Each structure stands twice: as C-alpha cells, then as structure tokens.
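# coordinates only, no sequence provided:
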C-alpha cells in the first residue's frame, strides 16, 4: 500500500494544484514572516552585543584617572591622568592618551548619521604608535591636522562618506565641520561595541573633552618584552595608589563584552516581543489555511476508505502531503526571510535604530527554528483534520458537499476554557509583577509582555469558539436578508448555518487582522493624546530650539551650548532656558544597591516661565537637587536628606531640597538641579533643548543663521519630537503589524477563495433549479457580511480588552481604554471593504460556471 499511497498523494497534488498553491503561498508567507522576524531579532542582538571588536585589543594595561564605575565598563572615569607620568615607568614600552566625547555627526546635506544599534558616536584621539593602534586604514590616511578626522566603516556607509568629504560634528560646547581623511575598521569589524568612532588628532580630542594640557581620561599602555600585563598592572597600581584605576586591557574587554551581550539580550527580548505577534499570525494562518484545504477534500479522502484504505492509511496520506507542503514552504520561507529581514532593518534604521552593522545570521536558530515551525504547524493542522476525515463513512462523505456534521459544543468549550485558563495565568502574572516591582519602564515592559501573551492566548480561545457563534449570528443575518430579499436571504441563512466551520475560518483570520489594527490604533491614539495633553500642561514656553539629528533612541540629538547664547539675543525673547542632561548613580552608603537616574540642569531664575512642573519646586541653589515623586517613593528618600551621586566628575554630595512631578516625562522626568550643580556633576553634559518664551519663529531663525543642524519648533511640534524616544517601541510595531496584517488578509483571501470554490457544485445546482447569477452573488455577499460582523466584533473586543488590561495592570495614564467614536465605524468599514473585495472575484467565477460543469465538480 506504500506505493499506492504515494501515487494517490501525487494524484492529489496534480488534481488540486490551484488550492495547494494557494495554501503553499500562505504557508510560505507565514514561515517567511517567522524567519524574517527571528532573523531581525538575532541581527539586533548581534549588532548591540556587536561587535566583539575592541579598540583595546593591542593594549595590555589601561590606567584610568580617579575611580571607574564597576557597574558600567563604558562609563568614563571620574579623574584625570597624565600620560608622561607613567610612560617612563619600568615595564612600559608605549603609552597613548585617550578621551571619549559623545558627539552627533551629520552628512554635508545636514542629514544625521545614526550610530550602530543602541550605540553612541564618540570622538576619540587617533593613536599614532603602531604598537597600540587598533585601527586599520581601509581607505585614505590618518588625520594629520586639526579639522581632519578618520571614521569607522559603518559610519562611512551610513553617511555615504568618502575620504575628502566633510561632515558636521556637534560637540558639547560647539559645532564644527570636519574633513574625512580616512576610513578604518577595528579587528575586521565596521564598528566597536560602544558604537561609532570619530578619530581626530590627539590635541583636538583633548580640547573637546575640556582636559588640561597633557592630561587624559585614561592612558593605554603596552608592556615591555618580558613583562606580563598582570605584573605591569600590579606595579602601576602600587605606584599610583588611589589616584587611578589600573586594569588589564583583557579584563576591560571581557567586562565590555559581557555588558554588550547583556544589553543585546535585553534589546533582542524587546524585539522578540514585537516579533512574537508576527510569529503568532504566521502560525495561525498556516493552521487555518491547511485545515481548510484538508476539510475541502473530505469527500475524496472518505471515498478512499470505500476502496479499502484504512483510517491509518488516510491519516498517513494527509500527513505525507502536509510534510511535503511544509517542507517546501519552510525552505522557501526561510529564504524569503532574508529580504524580509532586510526590509525591517531599513524601516528601523529610518527611525534611528540601525542594526546594519550585523550581517545576516546563518546559525541553526535562524535557519532551523522557522523551518521546524513550518513543518510542525502543518503537521499539527493536519492531525485533527486527518482524524476527522478518517472517521467519516463514504455515505457521510457524499453528503459533506451539502452539510457539515453538527458541531459538538463540549470539546470546543473545554479546549477554549483550557486556553483561557492559560491566558488568565499570564494576566495574573502581570498583576503580580506590578505589585512586586517598583514603578518604571522595566515594570511597564514586563507587565505589557505578560498582557500581550495573555491576549494572544485569549484570541486563540476565541478562534476555537468562533464556530459556535456562527449559527446564532447566521440566523440574525438571515432574518435581515429575508427582509431585504426573501429567497436570497433564506438561502444565505441556510448556507451560513449549515457550514459554520467554513464561515468561522474566514472570520478568525479577519478577527486577527482587526485585532492587530485596532490594538495599534488604540494604543497610538491614547499615547499621542496623552503626550499632547501633558506637554501643553508642562511646557509654558512658546518655542523650542532642538537639533535636526536624532539619537539612537529616536529623540532629538544634543545641541552645542553656544546655541543658547545666540537665542538670548533674538528680538522679543523674554526668557530662555537650556535643559542639559546627564546620568548619575546614587551611591549613598544607605543604598542597598546602585540606582541610575537622569538629572536635568536648568537655570532656576524664571524657570516657571518656561516649565510648569507639578508640585511647583522651589528655585534650587548649588548643591541642591529636586527629585521626582516616583524616585522619592522608589528609593525611600525624604526632603532635607543628604545623598551622594557619582557623575562624570566623580562623587558629589547633594541635598534633596524638594519633590515634583513631570507628567509629560519629557523635560525633567527624574531629577532637577541648577547649572552650577550640573557643571560639578558633568562639565560636558549634553544640552537637550533650549526653551524660549517670547520672540517669533522668524526672529529665532535669523538668530540661529549659520548654526548647522538646529531648528525652531512650536510647543506641539517639540512635544511630538521629544516623545519619539518614548514611543519608538510603539512605532517599531508598525512594520511587524503591517506584515502580519498583510499575511492575515492573504490567509483570509485563501480561505474564502477555497471555501467558495468548494461550493462550485452547490452554486451550479442552485442555478439548475432557477437561481440567478445575481442571487448567487448576493448569497456570497450575505455570507461575507456574517464574516465581517463576527470578525470585527471579536477583533475589536480583543483590542479594547487588551488596552483595558494594560491600563489596569500598568497603571499608566498613557494607556486609556477610551476609543474615539469614529474608530469602530472606520475599522468596520475597512473590514467590510477587504472582505467584500476578497470574496467578490471567486464568487463571480463560481456563479458563472455552467451547470453541467459545476455538477461534475467535487
């Protein structure tokens, strides 16, 4: 029987190649979506953890001035060290000073150059000594004079730069135009783990870091022959005492690699959460379309039993077909995943998240998991259908073209209840996370992930229950149809209630599409409305001066400090406030663990003229700090308490003077200090924005003439720009949801087309007894109306329920389950248009088939 089974499978493929091709395309698209999403997540992890290239790979020992942050291997040390003080020490063969200054780079046309994923662009000194120089010139030459720089290859490709071109660098205190002298790689990689590098002559980098002559943030050392790195480290540590931190370069490289790997896993987790939606849609579509394909062939499969095939052989036949179909779809889908991943990479790069430094991934996870998923899902979809087909008698099979067996409620209810129980587990876990963890983005992300997984499970449960909703809804649609056109409405009612699984298959795909679109729309509208509302509440200034470039997080890039001085001279300006920002670590003795937070510096005189912070904090004096109420609550701090923070300049003691609240989370989310205090914390703190009260946009633009990379924005425009970093994860969903939506619609189109083609004989027989082509098309439209109502109601309910749970579990005012009145009608109209467009063409074809031809159709 084995050869016969193979021949039957070949005949099935030959006879039903149209249906099989449609199913194959749906399965291939699903596997491609899974493979592309997984490929992008792996590329993201590789780009962030990235580069295993290190600028320290030729050095043996690093001497950093003052103390280094043990929790952040990328943080600069808080002291200074002179290179000549240690270059002549015994055991030292070569020494080179180093400093790192965060900068923003832009092309000659003003378009910003985004650093590699989650990285920064750093200005550092070129190392001339070949014993320590880790950079390999791929094109051009080394920088020889002030105003010349060398850039890494990723930056050259992203900015389309070549030697001889110019680029604009925004430094903490000025903006300069530099000439590209050369392009380098580091250990064969286009970037380093920290991001992109701009290499300038040593004195240029030293002045940009505001270091005294001869002093550096750190010094790279090469050990003399016969002296080990550990021995040199120990000798220098004893010689320098507590004035510097001495480490082997290997230990620093390991620490940076570990931190990069941890950050890469974290970012990949976020991307994986987004990709999980696409993966879920892919699995859903494969199972739905293949189940429809097998259900269509119930009559032929049951007739095999009449000629001697056993139920086991019928099951083997279906599984063999599913294996072949799944294998072809998996191979094609994995191949198609590479261009899909490239498309997603370009979409993310436009938003400031560039992972192009990492190439395509060819490991077993990238290739094997999507292929295995395609085969496993087609096998799972075939299993239930095969058992059902093997258990149908030939007489029942002959009637299967007229009616489906009546749906058994209990098994579906039990299965859906089990799935809903799993969804409830994820929802309960989200509530537990909220109760245990302190407020913050980490808690919101964790809770949102739990709610997302629970919502996907709940959607699966609704898909299982959908056939039970078809009969009562079909009765309602039939009554309406009967009122509109008596005979057609009655026939439509009979067709809908007779085959609930056929209708539910299309409705499930539509429910998935509606849920995706509605969820994204609801969250986007809620977040943007809240940002606009809170931004207007906090920002009292009429204008904001911000950079045209963006950071890797999507927010406006820092400005140079000379911009504020230019704005102050503009006619009509009554008040300006430059907001600077730096990150510090709370290191007070009573703190059980280090806590990092952002501090905003602002001129205290007249601050309320440009910012209306909740709680109306008092004007701060040097050495004082105002903390947000969330930080005060989370860390158990109180007014008047002394705290110690570690910034770029070292440890600083501050007094908690007041508490406040920034409902917009855009201007001073966690802490506020006076400019003098900010200079003590970080002399090169980045200027985020200059808020301006008074003046006109034209007057401000004239004052900024000649300052590259800056623009004047009104209140609403700046709030929208500043919130971009906080809504980047939301924007990132657009690409995944868009591809998932297209796949869901294609799956629905495949299901509807096969379902209508399945009824060609039925339509022909209706024509034989007097039904007109117009009536047959009307029956198809009434059935499509049932699909629209069921899919739209269930999909919108899932979306609204998800947002409600997010609001309850996160407690965020940015996630409010209050949809605008026009959203549901708009979604319903879109669903109706898509469904009618999908069903109209196969409906016309089926209705136009001659009666005799239709009668011979299975």
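Thanks, I have it. Owing to the predicted nature of the structure, the values given are computational and were not obtained by experimental measurement. Residues are numbered from 1 along each chain as shown.
# strands of the stretch 101-250 of the chain, residue ranges please.
Secondary structure of the stretch 101-250 of the chain, counting by DSSP state E, counting those that start in this stretch: strands at 101-106, 120-125, 135-140, 148-152, 166-170, 175-186, 195-200, 215-216, 218-223, 244-248.
# so the fourth one versus strand 166-170, what angle?
Comparing the axes of strand 148-152 and strand 166-170 via axes from the mean of the first three to the mean of the last three CA atoms, to 10 degrees yields an angle of 90 degrees.
# rewinding a little: closest to residue 719 out of the strands of the stretch 101-250 of the chain?
When these are compared for distance to residue 719 using CB to CB, the nearest one is strand 101-106, at 21.1 Å. All C-beta atoms are positioned from the backbone trio N, CA, C, and that covers glycine.
# which other helices and strands does the closest one contact?
Secondary-structure packing of strand 101-106 (3 or more CB pairs under 8 Å, 6 or more residues apart in numbering; DSSP states H and E): strand 120-125, strand 166-170, strand 195-200, helix 202-208.
# of all these, which lies closest to residue 507?
strand 195-200 (48.1 Å).
# hmm, who's touching that closest one?
Identification of contacts with strand 195-200 by CB atoms under 8 Å, 6 or more residues apart in numbering yields 55, 103, 105, 113, 115-116, 118-126, 135, 143, 146, 148-152, 154-155, 169, 178, 184, 186, 191, 208, 552.
# figure out which of the helices and strands packed on strand 101-106 is closest to residue 836.
Using CB to CB and comparing the helices and strands packed on strand 101-106, the one that lies nearest residue 836 is strand 195-200, at 50.4 Å.
# and that closest one with strand 101-106, angle?
Strand 195-200 runs at 90 degrees relative to strand 101-106, counting by the same axes, to 10 degrees.
# counting neighbours, what do you get for the residue nearest to residue 108 when sequence neighbours are not counted?
Closest residue to residue 108 apart from its sequence neighbours, by CB to CB, 6 or more residues apart in numbering: residue 166 at 5.4 Å. By the criterion of other CB atoms under 10 Å, residue 166 has 13 neighbours.
# what pairs with residue 166 across the strands?
Here residue 166 sits in beta bridges with residue 179, going by DSSP bridges.
# switch the strands of the stretch 101-250 of the chain over to a markdown table; also include mean pLDDT.
Compiled in a markdown table, those are given as follows (pLDDT from 0 to 100):
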| stretch | mean pLDDT |
| --- | --- |
| strand 101-106 | 88 |
| strand 120-125 | 91 |
| strand 135-140 | 94 |
| strand 148-152 | 95 |
| strand 166-170 | 89 |
| strand 175-186 | 92 |
| strand 195-200 | 91 |
| strand 215-216 | 92 |
| strand 218-223 | 93 |
| strand 244-248 | 90 |
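# can you put those strands in JSON lines and add distance to residue 418?
Written out in JSON lines, the entries for the strands of the stretch 101-250 of the chain read as follows (distance: least, CB to CB, whole Å):
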{"stretch": "strand 101-106", "distance to residue 418": "53"}
{"stretch": "strand 120-125", "distance to residue 418": "48"}
{"stretch": "strand 135-140", "distance to residue 418": "59"}
{"stretch": "strand 148-152", "distance to residue 418": "53"}
{"stretch": "strand 166-170", "distance to residue 418": "57"}
{"stretch": "strand 175-186", "distance to residue 418": "53"}
{"stretch": "strand 195-200", "distance to residue 418": "47"}
{"stretch": "strand 215-216", "distance to residue 418": "64"}
{"stretch": "strand 218-223", "distance to residue 418": "59"}
{"stretch": "strand 244-248", "distance to residue 418": "55"}
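# may I have the beta-bridge partners of the closest residue to residue 670 other than its chain neighbours?
Of all residues beyond its chain neighbours, the one nearest residue 670 is residue 597 (4.4 Å), with distances taken as CB to CB, 6+ apart. Beta-bridge pairing for residue 597 (DSSP bridges): residue 584.
# OK, contacts around residue 597?
For residue 597, the contacting residues are 583-584, 586, 631, 670-671, taking CB under 8 Å, 6+ apart as the criterion.
# report the contact partners of the closest residue to residue 537 other than its chain neighbours.
Once its chain neighbours are removed from consideration, residue 537 has its nearest residue in residue 663; the separation is 6.3 Å (CB to CB, 6+ apart). Taking CB under 8 Å, 6+ apart as the definition of contact, the neighbours of residue 663 are 534, 537-538, 614, 813.
# can we see that at 7 Å?
534, 537-538, 614 (CB atoms under 7 Å, 6 or more residues apart in numbering).
# which of these count as buried?
In terms of neighbour count (16 or more other CB atoms under 10 Å), the buried residues within the contacts of residue 663 are 534, 538, 614.
# quick one: residue 746 is in a helix?
Yes. Under DSSP: H, G, I helix; E, B strand; the rest coil, residue 746 sits within a helix.
# neighbours around it, how many?
A total of 19 residues lie near residue 746 under the criterion other CB under 10 Å.
# ok, and the residue nearest to residue 723 when sequence neighbours are not counted, which helix or strand is that part of?
Here the nearest residue to residue 723 in space, its sequence neighbours aside, is residue 531; by CB to CB, 6+ apart that works out to 4.5 Å. Of the helices and strands defined by DSSP states H and E, residue 531 is found in helix 500-538.
# now swap in residue 786 and tell me
Assigned by DSSP H and E, residue 786 falls within helix 773-810.
# so for that helix, mean pLDDT?
The average of the pLDDT scores along helix 773-810 is 86.
# go on, stretch 473-484?
Rounded to a whole number, the mean pLDDT of stretch 473-484 is 73.
# how many neighbours does the closest residue to residue 231 other than its chain neighbours have?
For residue 231, ignoring the flanking residues on the chain, the nearest one in space by CB to CB, 6+ apart is residue 91 at 7.1 Å. For residue 91, the number of neighbouring residues by other CB under 10 Å comes to 19.
# picking that back up, got a ChimeraX select line for the buried ones in the contacts of strand 195-200?
Only the buried entries of the contacts of strand 195-200 go into this ChimeraX selection, using 16+ other CB under 10 Å:
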select :55,103,105,113,115,116,118,119,120,121,122,123,124,125,126,135,143,148,149,150,151,152,154,155,169,178,184,186,191,208,552
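# which residues in the stretch 401-550 of the chain form strands?
According to DSSP E, counting those that start in this stretch, the strands that the stretch 401-550 of the chain contains are 543-547.
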